[in-house]
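Engineer: Sequence first, then the predicted structure:
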Amino acid sequence: MARVNSISKIIICAVLAALIILSAGGCRGISYIPGASFGYYIWEEGSRIFVEWSVDKKDTKFNGSILTDGKVTDSELTGWEEEIDVINIEENRIVFTATLNDDDYSDGFNFNIEGHTYLEFDLKINDGYDLNRINVGGFLENPESNVFRIEKSYFSQLETKHWYQKHPYSEFFYKLFSNKYFTFLYIFILGIVIIEILRVTVISRKKRKIIWLAVSYAVLIAVEVLVYFILKFLVG
Amino acid sequence: MKIKLFFNNLGRSILTKDIFDNRGILRRFYKYFLTGILVRLILIPFFFQRDLLSTYQRAAETISTGNPGYDNLQIITNLIHTFYLFILKAIFPAINEVFSVLLEKDTWISWLGFNSAYNVFTTLTLFKLLYLIFDIVCMFLILRLSFDGEPENKLRVFKYWIFNPIIIFVLYIFARHDIIGVFVTLIALLLAKKDRKYWAIIVLGLAVALRFFPILILPVLVLYLVRTKKDYIILSLAGVSGITAVEILTRILFGKSVILPLLRTTHFEYLLTPRLDLVAGSHGSIFVFIAVYVIIILSFLHIKKKSFDIMLNYCAKIYLAYLGLCFFHPQYMLWLVPFLVIIFVRRKSLLYYHWVQFALLMILLVYWGDLVTKYVFAAIDHKYFVYLTGIIPIIQRFYDSAQFVNIFRSIFAGISLWMMYLIYKDTKMLQANSLEKERN
């Protein structure tokens, strides 16, 4: 019994470790590591909009513009190098060009915005577009077009998105559900092996072995049905 | 009654008589087997390293073009994968669906296409099932290598194999095919144990054609098997002729060489890379591994009573020397495991060092970049793992990543060399035991 406990502890620790690994470096909103992460990171804090960028210690140019129908106020620069980075902040438009290198890990700016309905971004990396590296409100919340517009309610709508609708869980659950014959067969085989382990360890000591076995297989079938509905809900 | 007898005989022949006839041990054996299989099954559908795709791409190319010698370097390995893929293709629609992706020439496009396929988990499971089969066969072969008449120790060997982190990592996370070569090598060792000396050497020759590494233990096997001076010549010739036979056969069948390309591959280069320059800028150098290898072979040569267990110890020493001194890829560590799991029974401290080796290997993965770190998880969600900040830029952000890894590589080397010393002590103990037995 002590061995079964220690095995279950190991399994729990492994699952927790996997979750920690998966959650590190991206899926917790917009966190990024300056000088290691690569791309644009845009988020909202209160009424302020933050636009920052980072690269893994390589010479890289970040340039672009932000256009709005509101009024930009109270802007602040972060990590800005006056001699090489240029920014022009107008009432409804911000244009910038900045370079990162081996010593300069990240740059950015943030601003308040009043009376706007949208923000329009045109962001480039090395004078080209790489939409997968533009994270708006969350890791891999990428725009679909080179010049993209977000509504005022974009960030609050994004907050209502559940964890299972975000990467990597969304893709993982999609693959499991769209390949359901494999998934159910796989779970069934895993279940049989687990029941066999239980049979030779726990059930063999019980009096009514057949009943325990029947219950175990009934539970396995119930788990299969449950997994189907859970996946349907998560993917749906 | 006859059926029961048949199954009993079958059980004895698979599990060995020692284990099958001991109810308590048989039950524990079954429990370990199930738990080990469970761990393997959990990992099978979700992880792979890019090389798995390359292996099956070569097999798909062979099926598509009808040219069995498509893979110049590993013809026999390619033939095994081709045959297996051909069967899979005939049975499973999932493989047919992914076949065009396998034939894609652009490696990056094929990798993306493979990972984004909705049935990638089915495909990965089927691809890795081949390695699971060889793994299971190996775990039953390993039972026969040592501890005859000692069921408890046989069970320990089995436990150390089935829960071995290197085996689980290399086969079910990394998904490399070295287990096929290990399987053939184990057959060669079993034949050697049963004193089928010529067959042992010929089969080892076949293992060399599958993978380069068994060639390292060929001299030890020859020295173990020789009984007379004539045997030196005959067995050396058998070893050479086994390899030559494979070479001639592949040249006739496919018009290509199997053995010669192996000598030009990086495997052989890695043996020669660690060197001591005797004078800076001159030609004079000592290849460190070759020097250590010669010491190991000579020390085995000078052992008067060469038992099978001592021979296995020397094989372990050779692979430890290789891992300790030369550049290696993660899957090469698999070649060490069959020998270590037997020694663990006598010296448990080696088991702990082996786990430390595994932990260090996880850090050494940084050597090979994203391909063997975050991309291993790409089947789950390739976009996420492609754009996720990798471990290398994070290390590089604070410290030179090569320097960082090399610190751990040096610790790995130190531990491997220390393990060699512990095995040396174990060999001394085995020699003393055999002398004592003789006296009694």
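Structural biologist: Everything's here; your move. Every value quoted in this text rests on a predicted model; they were computed, and no experiment measured them.
Engineer: How about the residues of chain A by chain B?
Structural biologist: Residues of chain A lying near chain B by CB under 8 Å from any CB of the partner chain: A:7, A:25-27, A:32-39, A:56-57, A:105, A:132-133, A:139-140, A:167-168, A:170-172, A:174-176, A:178-179, A:182-183, A:186, A:189-190, A:193-194, A:196-197, A:200-201. Just so you know, the C-beta spots here come from the backbone N, C-alpha and C atoms, and that holds for glycine as well.
Engineer: Mind doing that once more with 6 Å?
Structural biologist: Counting by CB under 6 Å from any CB of the partner chain, chain A comes close to chain B at A:25-26, A:33, A:35-37, A:56, A:132, A:167-168, A:171-172, A:175, A:178-179, A:182, A:190, A:193, A:196-197, A:200.
Engineer: Find the nearest non-adjacent residue to A:Thr60, please.
Structural biologist: Here the nearest residue to A:Thr60 in space, its sequence neighbours aside, is A:Leu100; by CB to CB, 6 or more residues apart in numbering or on different chains that works out to 5.2 Å.
Engineer: re the thing from before, in PyMOL, how would I select just the buried ones from the residues of chain A next to chain B?
Structural biologist: The PyMOL selection below is limited to those of the residues of chain A next to chain B classed as buried (16 or more other CB atoms under 10 Å in any protein chain shown):
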select buried, chain A and resi 25+26+33+35+36+37+56+167+168+171+172+175+179+182+190+193+196+197
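Engineer: Tell me if I'm right that A:Pro143 and A:Tyr129 touch.
Structural biologist: No - assessed by CB atoms under 6 Å, A:Pro143 is found out of contact with A:Tyr129, at 9.5 Å.
Engineer: neighbour-wise, which of the two wins?
Structural biologist: When A:Pro143 and A:Tyr129 are compared for neighbours, A:Pro143 comes out ahead with 19 against 16, by other CB atoms under 10 Å in any protein chain shown.
Engineer: For chain A, which helix extends over the most residues?
Structural biologist: If you go by DSSP state H, chain A has its longest helix at helix A:209-235.
Engineer: So which of the residues of chain A next to chain B belong to helices?
Structural biologist: Secondary structure from DSSP H places A:Glu171, A:Phe172, A:Lys175, A:Ser178, A:Phe182, A:Leu190, A:Val193, A:Glu196, A:Ile197, A:Val200 of those in helices.
Engineer: Give me the phi and psi for the residue sitting furthest away from the middle of chain A.
Structural biologist: Distance from the C-alpha centroid of chain A, by CA atoms, centre = their mean, peaks at A:Lys207 (49.3 Å). When quoted as degrees, to the nearest 10, the phi and psi of A:Lys207 stand at phi -80, psi -50.
Engineer: and the gap between it and chain B?
Structural biologist: A:Lys207 sits 19 Å away from chain B, going by CB to the nearest CB, to the nearest Å.
Engineer: Quick check: which helices or strands does the helix or strand hosting B:Met419 pack against?
Structural biologist: Here B:Met419 sits within helix B:401-439, counting by DSSP states H and E. Contacts defined by 3 or more CB pairs under 6 Å, 6 or more residues apart in numbering or on different chains; DSSP states H and E place helix B:401-439 against helix B:308-325, helix B:348-364, helix B:391-398.
Engineer: Name the residues of it that are buried.
Structural biologist: Across helix B:401-439, burial judged by 16+ other CB under 10 Å covers B:401, B:404-405, B:408-409, B:412-413, B:415-416, B:419-420, B:423, B:426-427, B:430-431, B:434.
Engineer: before we move on, the earlier item: how much distance is there from the longest helix of chain A to the middle of the chain?
Structural biologist: Averaged C-alpha coordinates place helix A:209-235 at 30 Å from its chain's average position (CA atoms, centre = their mean, to the nearest Å).
Engineer: again with stretch A:71-80
Structural biologist: Here the centre of stretch A:71-80 is set off from its chain's centre by 27 Å, with CA atoms, centre = their mean.
Engineer: pLDDT of it, averaged?
Structural biologist: Stretch A:71-80 shows a mean pLDDT of 91.
Engineer: tell me which residues of the longest helix of chain A are tucked away?
Structural biologist: For helix A:209-235, burial by neighbour count (16+ other CB under 10 Å) applies to A:Trp212, A:Leu213, A:Ser216, A:Leu220, A:Val227, A:Leu231, A:Leu234.
Engineer: of all those, which comes closest to B:Asn22?
Structural biologist: Checking the buried residues of helix A:209-235 against B:Asn22 with CB to CB, the nearest one is A:Leu213 at 25.1 Å.
Engineer: State the distance from that closest one to A:Ile195.
Structural biologist: A:Leu213 sits 7 Å away from A:Ile195, taking CB to CB, to the nearest Å as the criterion.
Engineer: same thing with B:Glu97?
Structural biologist: B:Glu97 is 32 Å from A:Ile195, where distance means CB to CB.
Engineer: before we move on, what about A:Gly70?
Structural biologist: To A:Ile195, A:Gly70 is 62 Å away according to CB to CB.
Engineer: who's more crowded, those two?
Structural biologist: It is A:Ile195, of A:Gly70 and A:Ile195, that has more neighbours when counted by other CB under 10 Å, with 19 against 16.
Engineer: Looking at the closest residue to the more buried one other than its chain neighbours now. What's its pLDDT?
Structural biologist: Leaving aside its sequence neighbours, A:Ile195 sits nearest to A:Ser216 (CB to CB, 6+ apart; 4.5 Å). Note on A:Ser216: pLDDT of 96.
Engineer: so for stretch B:11-21, what's the average pLDDT?
Structural biologist: So the average pLDDT for stretch B:11-21 ends up being 89.
Engineer: Span of it from start to end?
Structural biologist: One end of stretch B:11-21 sits 9 Å from the other (CA to CA, to the nearest Å).
Engineer: what residue ranges in chain A score low on pLDDT?
Structural biologist: Along chain A, segments meeting pLDDT under 70 span A:1-29.
Engineer: Domains in it, by residue range?
Structural biologist: Structural domains annotated on chain A: A:39-156, A:169-235, as defined by automatic domain parsing.
Engineer: Can you tell me which of those is nearest to B:Phe358?
Structural biologist: Minimum separation from B:Phe358 across the domains of chain A (CB to CB) falls at domain A:169-235, 24.0 Å.
Engineer: next one: the closest one to chain centre, how far?
Structural biologist: Worked out by CA atoms, centre = their mean, domain A:169-235 lies 28 Å from the chain centre.
Engineer: list the contacts for B:Leu103?
Structural biologist: Contact analysis of B:Leu103 by CB atoms under 6 Å, 6 or more residues apart in numbering or on different chains lists B:Ala60, B:Ser64.
Engineer: quick one: buried residues of whichever strand or helix holds A:Glu52?
Structural biologist: Per DSSP H and E, A:Glu52 falls inside strand A:48-54. Neighbour-count burial for strand A:48-54 flags A:Ile49, A:Phe50, A:Val51, A:Glu52, A:Trp53, A:Ser54 (criterion: 16+ other CB under 10 Å).
Engineer: Same check on stretch B:44-56?
Structural biologist: Of the residues in stretch B:44-56, B:Ile44, B:Pro45, B:Phe46, B:Phe47, B:Phe48, B:Gln49, B:Arg50, B:Asp51, B:Leu52, B:Leu53, B:Thr55, B:Tyr56 count as buried by neighbour count, 16+ other CB under 10 Å.
Engineer: I'd like those residues written out as a markdown table, with distance to chain A and secondary structure added.
Structural biologist: Listed next are those as a markdown table, based on distance: CB to the nearest CB, whole Å; DSSP: H, G, I helix; E, B strand; the rest coil:
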| residue | distance to chain A | secondary structure |
| --- | --- | --- |
| B:Ile44 | 9 | coil |
| B:Pro45 | 6 | coil |
| B:Phe46 | 9 | coil |
| B:Phe47 | 11 | coil |
| B:Phe48 | 14 | coil |
| B:Gln49 | 17 | coil |
| B:Arg50 | 18 | helix |
| B:Asp51 | 22 | helix |
| B:Leu52 | 18 | helix |
| B:Leu53 | 17 | helix |
| B:Thr55 | 22 | helix |
| B:Tyr56 | 18 | helix |
